[in-house]
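Visitor: okay, structure incoming, though there's no sequence with it:
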């Protein structure tokens with residue numbers, strides 16, 4: 001779920017036209033949308049050579065240094081070297097940046113599972129920027145590819161290549177050629193039409209320096225006289241790597257260890273531990289079957305909603321009018337999928353298997369019956 005670090009990378013159509021799909025365009029290498037071939041398909045080059053990934057040493061050194069720095073910052077926290085308010089600041093930053101990832105880059109911009117008014121979009125973009133996981137446009141681009149081509153060579157963090165690769169290796173190994181090719185096939189014009197996201201993408205390097213490094217470090221130093229050295233290693237490095245690895249757990253753990261109530265033929269699973277740490281993102285088997293559901297799980301919210309904190313926040317923002325058009329799968333849609341392909345842990349099973357290969361709301365391959373149902377199920 002988390003992209004590379006420090007790499008700079010409005011919905012333009014009426015949502016009611018989602019059944020009418022655009023299939024004659026493709027993205028260039030700079031994530032711009034251009035005209036494709038006549039049948040709208042992007043053909044990968046035929047090659048008999050076995051792909052051998054290479055280590056991108058600058059990225060590897062950055063990751064290694066950050067994780068060593070994480071241990072150094074963790075020492076200050078465990079040894080009680082930091083001031084009391086620095087601990088509070090540490091957890092506040094993890095919480096709000098996590099919300100920027102889950103409610104912002106993931107559910108809003110990657111999957112278009114709900115709409116947000118300008119104040120909420122600005123707030124989520126600020127939170128997401130502090131998280132430091134690249135600009136929101138590039139994050140959403142790779143995440144749509146992950147859903148569309150999950151567990152194939154076209155998946156940026158293909159879990160079939162092992163736990164380590166899915167967790168962190170994909171950040172410093174050269175991507176498979178199919179990943180590079182498929183980046184041209186995902187429609188990103190809805191996000192390209194969003195001036196807020198394009199502004200963040202354009203100015204991401206200085207925003208990273210200001211909001212990811214300087215701001216978290218200077219607040220403890222200025223407001224409660226924390227040692228600047230301790231503040232840097234705890235509020236920036238340790239906090240930054242903590243959030244990074246929580247996001248990594250969705251790519252690795254939530255694709256390997258758990259149950260598959262909705263589709264037993266795909267790798268994503270339901271994992272309670274990831275759901276707790278990642279604010280509701282651990283119900284991953286459901287999410288890959290219904291990526292347009294704003295809850296990313298069958299349940300969501302504070303009460304009886306199985307640790308889905310992000311959904312509770314979206315519901316709150318809906319009550320004050322900042323979030324709207326929340327899309328979700330109906331009980332009938334869920335039952336149909338469970339009966340077709342569940343592993344039995346949802347108390348239903350069936351021999352027939354089905355795999356949903358869509359990135360979210362608006363994907364041209366969304367089943368027509370589901371698309372029609374979604375139009376009547378927005379809140």
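Guide: It's in. Just so it is clear, the model here is predicted, and its values are computed rather than measured.
Visitor: what does the longest helix that the chain contains contact?
Guide: Criterion DSSP state H: the longest helix present in the chain is helix 57-78. Applying Cβ atoms under 8 Å, 6 or more residues apart in numbering, the external contacts of helix 57-78 come out as 4-6, 81-82, 87, 90, 168, 171-172, 230, 233-234, 237-242, 244. For the C-beta atoms, the positions are set from N, CA and C on the backbone; glycine is no exception.
Visitor: following that helix, which helix or strand comes up?
Guide: helix 84-99 (DSSP states H and E).
Visitor: tell me the SS of residue 372?
Guide: helix (DSSP: H, G, I helix; E, B strand; the rest coil).
Visitor: run a quick neighbour tally on it.
Guide: 12 (other Cβ atoms under 10 Å).
Visitor: quick one: it from residue 107, how far?
Guide: 22 Å (Cβ to Cβ, to the nearest Å).
Visitor: test my guess that residue 207 contacts residue 201.
Guide: No: contact criterion Cβ atoms under 8 Å: residue 207 and residue 201 do not qualify, at 9.7 Å.
Visitor: let me see the contact set for residue 179.
Guide: Here residue 179 is in contact with 145, 153, 154, 155, 156 (criterion: Cβ under 8 Å, 6+ apart).
Visitor: same deal with residue 116?
Guide: Applying Cβ under 8 Å, 6+ apart, the residues near residue 116 are 108, 124, 317, 322, 323, 324.
Visitor: ok, now how distant is residue 218 from residue 212?
Guide: Taking Cβ to Cβ, one finds residue 218 at 12 Å from residue 212.
Visitor: show me which of these two is the more surrounded one.
Guide: residue 212 (22 against 16).
Visitor: in stretch 228-238, what's buried?
Guide: Neighbour counts using 16 or more other Cβ atoms under 10 Å place 230, 231, 232, 233, 234, 235, 236, 237, 238 of stretch 228-238 among the buried residues.
Visitor: can you tell me which of the residues you listed are in helices?
Guide: Those of the buried residues of stretch 228-238 lying in helices (DSSP H): 230, 231.
Visitor: output the buried residues of stretch 228-238 as CSV; include the columns pLDDT and distance to residue 70.
Guide: Listed next are the buried residues of stretch 228-238 as CSV, based on pLDDT from 0 to 100; distance: Cβ to Cβ, whole Å:
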residue, pLDDT, distance to residue 70
230, 98, 14
231, 98, 15
232, 98, 12
233, 98, 9
234, 98, 10
235, 98, 12
236, 98, 10
237, 98, 6
238, 98, 5
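Visitor: can I get the buried residues of stretch 228-238 in TSV including distance to residue 178?
Guide: What follows is the buried residues of stretch 228-238, written out as TSV (distance: Cβ to Cβ, whole Å):
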residue	distance to residue 178
230	45
231	43
232	40
233	39
234	40
235	39
236	35
237	34
238	36
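Visitor: which one among the buried residues of stretch 228-238 gets closest to residue 268?
Guide: Lowest distance from residue 268 to the buried residues of stretch 228-238 (Cβ to Cβ) belongs to residue 238, with 28.9 Å.
Visitor: just to revisit the earlier point, narrow the contacts of helix 57-78 to those in strands?
Guide: Counting by DSSP state E, no part of those is found in strands.
Visitor: of those, grab the buried ones for PyMOL.
Guide: The following PyMOL line selects those of those that are buried, judged by 16+ other Cβ under 10 Å:
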select buried, resi 4+5+82+90+168+171+172+230+233+234+237+238+239+240+241+242+244
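Visitor: neighbour-wise, which of the contacts of residue 116 leads?
Guide: Neighbour-wise, the contacts of residue 116 (other Cβ under 10 Å) top out at residue 124, 27 neighbours.
Visitor: can you show me the helices along the stretch 1-150 of the chain?
Guide: 57-78, 84-99, 118-131, 136-148 (DSSP state H, counting those that start in this stretch).
Visitor: got the angle for the third one vs helix 136-148?
Guide: The one in question is helix 118-131. Relative orientation of helix 118-131 versus helix 136-148 (axes from the mean of the first three to the mean of the last three Cα atoms, to 10 degrees): 80 degrees.
Visitor: which strands or helices does helix 118-131 pack on?
Guide: helix 84-99, helix 136-148, helix 195-202 (3 or more Cβ pairs under 8 Å, 6 or more residues apart in numbering; DSSP states H and E).
Visitor: next SSE after the last one?
Guide: On the C-terminal side of helix 195-202, the nearest following helix or strand under DSSP H and E is helix 204-207.
Visitor: now do that following helix: distance to the chain's middle.
Guide: Centroid displacement of helix 204-207 relative to its chain, using Cα atoms, centre = their mean, to the nearest Å, is 20 Å.
Visitor: in it, what's buried?
Guide: Applying 16+ other Cβ under 10 Å to helix 204-207 flags 204, 207 as buried.
Visitor: against which helices or strands is the following helix or strand past that helix packed?
Guide: Using DSSP H and E, the helix or strand that follows helix 204-207 in sequence is helix 215-224. Counting contacts by 3+ Cβ pairs under 8 Å, 6+ apart, helix 215-224 is packed against helix 84-99, helix 228-231.
Visitor: okay if I get those helices as a markdown table plus distance to residue 193?
Guide: A markdown table is the format used below for the helices and strands packed on helix 215-224 (distance: least, Cβ to Cβ, whole Å):
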| stretch | distance to residue 193 |
| --- | --- |
| helix 84-99 | 24 |
| helix 228-231 | 39 |
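Visitor: nearest to residue 254, out of the ones you listed?
Guide: Per Cβ to Cβ, nearest to residue 254 of those: helix 84-99, 14.9 Å.
Visitor: what mean pLDDT would you report for the closest one?
Guide: Averaged across helix 84-99, the pLDDT comes to 98.
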